[in-house]
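Trainee: Output the structure for:
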Amino acid sequence: MGAELSKTSTMDETADEPPTSAVLLDNCHFSQVIFNNVEKFYVPGGDVTCYYTLTQNIIPRGKDWVGIFRVGWKTTREYYTFMWAPLPDDVHSDTTVQQQIQFKAYYLPKDDEYYQFCYIDQDGVVRGASVPFQFRAETEDDILVVTTQGEVEEIELQNKNLHKENEELKASCASLQQQNIDLQEDLKKTQELQNSLESLRSNTETLELELNALKKENKRLKELDDCREAELHQLKEQIQNVTSDKERLETRLKTALDHMDQLQSQVLNYEKEVENLSHIDHDKTEQLESLKEENRQLRMTRTQQQQNRDLMKELEEQKRLFQILQAKKNEADEENQKLRKENDGLLRHLSQAREFSPFSVVSQAQAPIPAPEVGGLLFGNPYCAFYKEMPHVR
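Mentor: Here you go, the predicted structure:
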């Protein structure tokens, strides 16, 4: 039959648990593996050999297995015992492959319930199932009895009916297989949708985490904004205080400038008076020199000796008055120096006030006050009236 016979598996291969699933019978493909020569019953105490055929619709894999299930099972987790399915020499063969597995008597059921072989792939999906069988001893009812021709015809008729029913069942099975295929496709779509849903859930959780992070960041930014608002309010108050201080300083500066103008006006008046006194002193000095010359001429005249003596007395008196005037002049110079120092102090104060105000002091550009000439008098020469009243000596 073109079948290949593989090596028989042993019970030593049952060390690991087989892959199973909770998939129900309606989602299985029973026609991909066909079990052959299945007995109606197997005698207890002996090994059982299971024969099956792998069709072209299945590709065997390393974790495929054959199990014995009690009839009525719902999922592949309900196996009684199992053996690992051996791999054929050519896994991708385009022909059917005959395989066999031997179950040791020690691992077989001991009751007389109905069981069946099932081929399970490594995904835990059923790919084939056998007809039911029992584990019991042979009885007389199982012995074949030769019947008459009429009974044979009746049996043949029953066989035809059973064959017809079998064909109908095959058609129904094909329809069910097509439905199973459709259900498998629907299941795949459902799984894809479920995967998409899981992905969406994961994305949703990620977005929720990001949203929570953004909320925390927004809260932190709001708190920072509140702090900035408080700092801004404090800065505004400081600016208002500085503006108030500036206006107060500007008022004081304006008052100081007005006072400075008054002081400068007084200094100018003093300077003019000092200049006038210097001119008067110069005139008086010239008059004194002229008187000295006249006195010298008088000395040369013998006839005017007495007059010279009188003039000498008067000259001594003038010198005494001149010393008094010189002392007053020195006092005027000291007062002028004090005024200059006060003027310098006011100018320095004005320069310091300018650093806190945009106003400029125009009066600072005025020329410094010149010192009075040496020998000048501050309040005039007291001998002026004396010389005017005294007659000139010829």
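
Trainee: Could you list the low-confidence segments of this protein?
Mentor: Filtered on pLDDT under 70, the chain yields the residue ranges 1-15, 22-29, 138-148, 356-394.

Trainee: got the residue ranges for the strands in it?
Mentor: With strands called from DSSP state E, the chain shows them at 33-36, 41-42, 48-54, 65-70, 79-84, 97-103, 114-120, 126-129, 133-135.

Trainee: between the ones you listed, which gets nearest to C227?
Mentor: Minimum separation from C227 across the strands of the chain (CB to CB) falls at strand 114-120, 68.6 Å. C-beta: built from backbone N, CA, C; applies to glycine.

Trainee: what residues does the closest one touch?
Mentor: 18-20, 32-33, 35, 38, 50, 52, 64-71, 76, 79-80, 82, 85, 109, 126-135 (CB atoms under 8 Å, 6 or more residues apart in numbering).

Trainee: by how many degrees do that strand and strand 65-70 diverge?
Mentor: Using axes from the mean of the first three to the mean of the last three CA atoms, to 10 degrees, the inter-axis angle of strand 114-120 relative to strand 65-70 is 160 degrees.

Trainee: Give me the neighbour count for T75.
Mentor: 16 (other CB atoms under 10 Å).

Trainee: Surely it is in contact with F69?
Mentor: No - between T75 and F69 there is no contact under CB atoms under 8 Å: 9.8 Å.

Trainee: about what we covered before: want to throw the strands of the chain into JSON lines with distance to E165 and mean neighbour count?
Mentor: Shown next, in JSON lines, are these (distance: least, CB to CB, whole Å; neighbours: other CB atoms under 10 Å):
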{"stretch": "strand 33-36", "distance to E165": "19", "mean neighbour count": "19"}
{"stretch": "strand 41-42", "distance to E165": "24", "mean neighbour count": "18"}
{"stretch": "strand 48-54", "distance to E165": "23", "mean neighbour count": "19"}
{"stretch": "strand 65-70", "distance to E165": "25", "mean neighbour count": "22"}
{"stretch": "strand 79-84", "distance to E165": "30", "mean neighbour count": "19"}
{"stretch": "strand 97-103", "distance to E165": "28", "mean neighbour count": "20"}
{"stretch": "strand 114-120", "distance to E165": "20", "mean neighbour count": "22"}
{"stretch": "strand 126-129", "distance to E165": "19", "mean neighbour count": "23"}
{"stretch": "strand 133-135", "distance to E165": "21", "mean neighbour count": "18"}
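
Trainee: so which of the ones you listed comes closest to N166?
Mentor: N166 sits nearest to strand 33-36 of all those, at 14.4 Å, using CB to CB.

Trainee: counting contacts, what elements does that closest one pack onto?
Mentor: If you count contacts as 3 or more CB pairs under 8 Å, 6 or more residues apart in numbering; DSSP states H and E, strand 33-36 packs onto strand 48-54, strand 114-120, strand 126-129.

Trainee: Determine which of these approaches A256 most closely.
Mentor: Among those, strand 114-120 comes nearest to A256, with 109.8 Å by CB to CB.
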